[in-house]
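*Asks:* What follows is a protein structure lacking sequence information:
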């Protein structure tokens, strides 16, 4: 995969065009009536993203382009056309009668699902300016419009100077594929009326210009670190009194050829309005899938915008493929485990194409790099695999395949990926279970140094993988293999409940290991807790160390040290015994703050219950002390699994407090405002609890069946979820309760599918059902209503 990039020539183009007042409605018309959220003034100096599948732009909400990010230090902002960067950014200045204004501090920021705006109020100059931008679908470009309003009583002639800052450089790990950065050189092209910048040692280009041509041009000095360059272009703009005029800049790129770059420029230049309208319509379709209506407007809005966030994270590099990326700005490439969580959510909101594309990419690259079923962890967009895979990613891939098969019902899909599942499970147990106790050794989700023995999350996801693989084997006609897998799953479930459980802590253990391993980890954890001023954790860790020394064991045993969030995965996968689960869920409630669950429980302190301010991370990027959306989402899933939807909703509401906290329309990875500004696995944290648990939609597309078993929070008197896609079918559920009567209506598009509605278990309930050819039966203590027609309506009253 990565060798293919050694022979690829990289070329980039950025072009700028200027339009008159006739096109001044390019953005304003399209944005009119679209969903939007205005940001907070206090977060104008924090990042935003404007994204397409080929190109995205990251700057600050005040319109500036500071040097941000740590993966490539200070280079993760600007304009990216993976696997290369195009520009560090651009700026515009206005001049009139010798006085100049640099537009580097917007007064407000407005985010739309498919565009964003920066508003500059210039009262002393009697001007107002809006900078709007969007990234066209499937094109390597960005289009930016400056919309100027003359609020004076006089006609104005403004001199505009646009300065672009090139930075033609490779993405992270580019040097491993022969992509080495060098100095950018620029020249002005008279025919194009544009500056052209080229990386000295590589065929990478960036061009920006205007149509009509500029009045002037000059070289400029870059203010950014690195080997980029800069050039300025000047324009005159006449604005009659009380009217508006606009200037539109088209940004396009190509790493294939100059001809492709020019072709992109021409396409964007000639079709910018239609491209904007097309993107708007596509986003309206995203919103229409799995359309949620609930009594809580914030939660409803959060769910809607998370669907848009999911689209922002799709990245296409044609030579490699298309897949969801983990997060922006520092993880804009492909991951195994992030996808394994997120894709389940993507499927539940109907974004199915990218699910299949991502699985295809992960499978093909993993087979090319590992060849043994092991699933990669992290891969840059240049094709370089950084980490061939943590232990948990292989079993989680197996379960992902089964979950997606239930949604799509595609037997060819299962046939394609089942061999990888089989190889992966063999590798998992034959290579990583040295003592053959069924618990694989190695790193799971917690990347804490030394925490690589027998981890609770690895054990839990391995159990689920064998249970799911058993079902896959049956579907593939491999009955003997199915039985072997099922026996393994049963044995693991019993062992996890027996050997990982700690009655002392009412929790599953972080890991099983030797006394020596535990004491070493305790020493490190005490330093961490002491540094963070967590005296309760220091005392608990010292007591644990004392007990270990006073009661030594020559055999590995379970330890509760860090209270890592992964101790809740047995409840997430619904394999914890009921009594243990309820105790553990109660324990987990003590490791939260108003935004969610701590990644590492010993980071919690006495202020955790009331701390609702900005996250204070270390100067060097670190997740120490973090509350994150994934652990909080896992907890919501876990609560629902044991019939506790009110507690699950509590966790969703904690996360929803972080929505638009810093970036309007998005939810940060670390709550409320640290780390990635948008994160793929956030959709897992919301879509699974809402779609599959509250509304209870359980797809079984291979059998052309949809089971609906609602489990609603008590505070939801009215709720609906429309157009949930299941293969070529679609299901909608509406729920209401009033005056002691609960009404559930379920509709499907395709007649002939089996539609089952299972109401909550209640021996005193009276049912009134309507719909064509509805049957009723008792199954495992539950009442099941079924039809192959398109609708079931059920009214439930209690005596």
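*Replies:* Sure, I can see it. Note that the coordinates shown come from a computational prediction; the quantities given were computed from them, not determined experimentally. Numbers count the residues shown, from 1 in each chain.

*Asks:* ok but residue 659 is inside a strand, no?
*Replies:* No: the assignment for residue 659 (DSSP: H, G, I helix; E, B strand; the rest coil) gives coil, which keeps it out of a strand.

*Asks:* List the residues that contact it.
*Replies:* Counting by CB atoms under 8 Å, 6 or more residues apart in numbering, residue 659 makes contact with 298, 301, 302, 305, 666, 667. Quick note: C-beta positions are derived from backbone N, CA and C, even for glycine.

*Asks:* wouldn't the fifth one be in contact with residue 677 here?
*Replies:* In this case it means residue 666. Yes: under the criterion of CB atoms under 8 Å, residue 666 makes contact with residue 677 at 5.9 Å.

*Asks:* the longest helix in this protein is where?
*Replies:* The residue-count maximum for a helix in the chain (DSSP state H) belongs to helix 258-288.

*Asks:* so how far is that helix from its chain's centroid?
*Replies:* 23 Å (CA atoms, centre = their mean, to the nearest Å).

*Asks:* Can you list the buried residues in it?
*Replies:* Going by neighbour count (16 or more other CB atoms under 10 Å), the buried part of helix 258-288 is 258, 260-262, 264-265, 267-269, 272-273, 275-276, 279-280, 283, 286-287.

*Asks:* One more: stretch 121-138?
*Replies:* Buried-residue list, stretch 121-138, by 16+ other CB under 10 Å: 122, 125, 127-137.

*Asks:* same question, stretch 726-746
*Replies:* 726-727, 729-737, 742-746.

*Asks:* Endpoints of that stretch, how far apart?
*Replies:* Here the two ends of stretch 726-746 are set 14 Å apart, with distance taken as CA to CA, to the nearest Å.

*Asks:* looking just at contacts, which helices and strands does the lengthiest strand in the chain meet?
*Replies:* The longest strand of the chain (DSSP state E) is strand 156-170. With contacts taken as 3 or more CB pairs under 8 Å, 6 or more residues apart in numbering; DSSP states H and E, strand 156-170 sits against strand 84-96, strand 141-150, strand 184-189, strand 194-199, strand 205-209, strand 229-239.

*Asks:* got the angle for that strand vs strand 229-239?
*Replies:* In terms of direction (axes from the mean of the first three to the mean of the last three CA atoms, to 10 degrees), strand 156-170 departs from strand 229-239 by 160 degrees.

*Asks:* neighbouring strands for strand 156-170, and are they parallel or not?
*Replies:* Using DSSP bridges, the strands paired with strand 156-170 are strand 84-96 (antiparallel), strand 229-239 (antiparallel).

*Asks:* Could you check how far that strand is from the centre of its chain?
*Replies:* For strand 156-170, the separation from the chain centroid amounts to 32 Å (computed by CA atoms, centre = their mean).

*Asks:* Please apply the same query to stretch 588-600.
*Replies:* 20 Å.

*Asks:* List the neighbours of it that are in contact with it.
*Replies:* Applying CB under 8 Å, 6+ apart, the contact partners of stretch 588-600 are 446, 448, 507, 562-565, 567-568, 601, 604, 608-612, 623-629, 631-632, 634-635, 638, 647, 651, 654-655, 657-658, 671-672.

*Asks:* thinking again about what came up before, okay, the buried residues of stretch 121-138 in a markdown table with distance to residue 547 next?
*Replies:* Below are the buried residues of stretch 121-138 laid out as a markdown table (distance: CB to CB, whole Å):
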| residue | distance to residue 547 |
| --- | --- |
| 122 | 68 |
| 125 | 72 |
| 127 | 71 |
| 128 | 68 |
| 129 | 67 |
| 130 | 64 |
| 131 | 62 |
| 132 | 62 |
| 133 | 59 |
| 134 | 60 |
| 135 | 57 |
| 136 | 62 |
| 137 | 59 |
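
*Asks:* rewinding a little: and the contacts of residue 659, which two are the farthest apart?
*Replies:* Maximum pairwise distance among the contacts of residue 659 (CB to CB): 14.0 Å, between 298 and 666.

*Asks:* Please, where are all the helices along the stretch 651-799 of the chain?
*Replies:* Taking DSSP state H, counting those that start in this stretch to define them, one finds helices in the stretch 651-799 of the chain at 682-687.

*Asks:* Can you list the residue ranges for strands in it?
*Replies:* In the stretch 651-799 of the chain, the strands defined using DSSP state E, counting those that start in this stretch lie at 678-679, 697-700, 705-708, 718-726, 729-738, 741-748, 754-757, 765-770, 775-779, 782-787, 791-798.

*Asks:* Please state the offset of the first one from the chain centre?
*Replies:* Average the C-alpha atoms of strand 678-679, do the same for its chain, and the two points are 4 Å apart (CA atoms, centre = their mean).

*Asks:* list the helices and strands that strand packs on?
*Replies:* So strand 678-679, by 3+ CB pairs under 8 Å, 6+ apart, packs with helix 297-312, strand 327-328.

*Asks:* Rounded mean pLDDT for it, please.
*Replies:* Mean pLDDT, computed over strand 678-679, is 98.

*Asks:* What strands flank that strand, and is each parallel or antiparallel?
*Replies:* Strand 678-679 has its sheet partners listed here by DSSP bridges as strand 327-328 (antiparallel).

*Asks:* what does the fifth one give?
*Replies:* Paired with strand 729-738 in the same sheet, following DSSP bridges, are strand 718-726 (antiparallel), strand 741-748 (antiparallel).

*Asks:* Using CSV, please lay out the ones you listed together with mean pLDDT.
*Replies:* Shown next, in CSV, are the strands paired with strand 729-738 (pLDDT from 0 to 100):
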stretch, mean pLDDT
strand 718-726, 98
strand 741-748, 97
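
*Asks:* Dump these into CSV; add distance to residue 481 as well.
*Replies:* Listed next are the strands paired with strand 729-738 as CSV, based on distance: least, CB to CB, whole Å:
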stretch, distance to residue 481
strand 718-726, 27
strand 741-748, 34
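
*Asks:* Pop the domain breakdown of this structure in here.
*Replies:* 10-285, 296-492+503-692, 695-798 (automatic domain parsing).

*Asks:* Figure out the length between the terminal residues of the shortest one.
*Replies:* It refers to domain 695-798. End-to-end distance of domain 695-798 (CA to CA): 21 Å.

*Asks:* same check, this time on the longest one
*Replies:* One end of domain 296-492+503-692 to the other measures 19 Å (CA to CA).

*Asks:* chain center to that domain, what's the gap?
*Replies:* Chain-centre distance of domain 296-492+503-692: 14 Å, with CA atoms, centre = their mean.

*Asks:* Check the first one too.
*Replies:* On the basis of CA atoms, centre = their mean, domain 10-285 sits 25 Å off its chain's mean C-alpha point.

*Asks:* now the helices: where do they sit in the stretch 501-650 of the chain?
*Replies:* So, for the stretch 501-650 of the chain - with DSSP H, counting those that start in this stretch - the helices run 515-531, 535-550, 569-572, 578-588, 629-641, 645-656.

*Asks:* What segments of the stretch 351-500 of the chain are helices?
*Replies:* Using DSSP H, counting those that start in this stretch, the helices of the stretch 351-500 of the chain run over 352-369, 393-408, 411-432, 456-475, 479-499.

*Asks:* how about the ones you listed, which one is nearest residue 772?
*Replies:* helix 393-408 (26.1 Å).
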